[in-house]
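# Please find the sequence and the predicted model below.
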Amino acid sequence: MMVNIHAAKTRLSELVARVEKGQRITIARAGKPVAQLVPVPKARSPRLPPDDPLLHLEQFGFDGPGGRLTARESDRLVYGT
């Protein structure tokens, strides 16, 4: 969709609503494109680094009063699995 600058100024809220729905709008001066309104790229969720402990829970363990307790052993104690 192409609109001239005057129309863009008077209908900005409407144009932004269209852009939020994914539409791209070109703004023109004297019929020549000069700018575009485009949706902001969706934010990507941050990726965990490969060495993050959350990716390797099976290797998790901690020292308790009875000695080293692994994730598998704590699951067995808590969940009976």
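Arrived safely, thanks for sending.
# For this structure, which segments count as strands?
Along the chain, counting by DSSP state E, strands occupy 2-4, 25-29, 32-37, 61-64, 67-70.
# Show me the domain layout of the chain.
2-37, 50-81 (automatic domain parsing).
# Which of the ones you listed has the highest mean neighbour count?
domain 2-37 (a mean of 12; mean count of other C-beta atoms under 10 Å). Just so you know, the C-beta spots here come from the backbone N, C-alpha and C atoms, and that holds for glycine as well.
# centre of the chain versus that one, how much separation?
Centroid separation for domain 2-37 versus its chain: 26 Å, with C-alpha atoms, centre = their mean, to the nearest Å.
# One more: stretch 31-50?
Taking mean C-alpha positions (C-alpha atoms, centre = their mean), stretch 31-50 and its chain are 11 Å apart.
# Likewise for stretch 45-57?
17 Å.
# mean confidence for that stretch?
Averaging pLDDT along stretch 45-57 gives 78.
# do stretch 19-31 as well
On average, stretch 19-31 scores 96.
# ok, now which ones touch residue 18?
By C-beta atoms under 8 Å, 6 or more residues apart in numbering, residue 18 lies in contact with 1, 25.
# Begin at 772, not 1, for the rest of this chat.
Okay, residue one is now 772; in that scheme the one you just asked about reads as residue 789.
# I'd guessed residue 790 sits against residue 797; true?
No - proximity of residue 790 to residue 797 does not meet the contact threshold set by C-beta atoms under 8 Å, at 11.3 Å.
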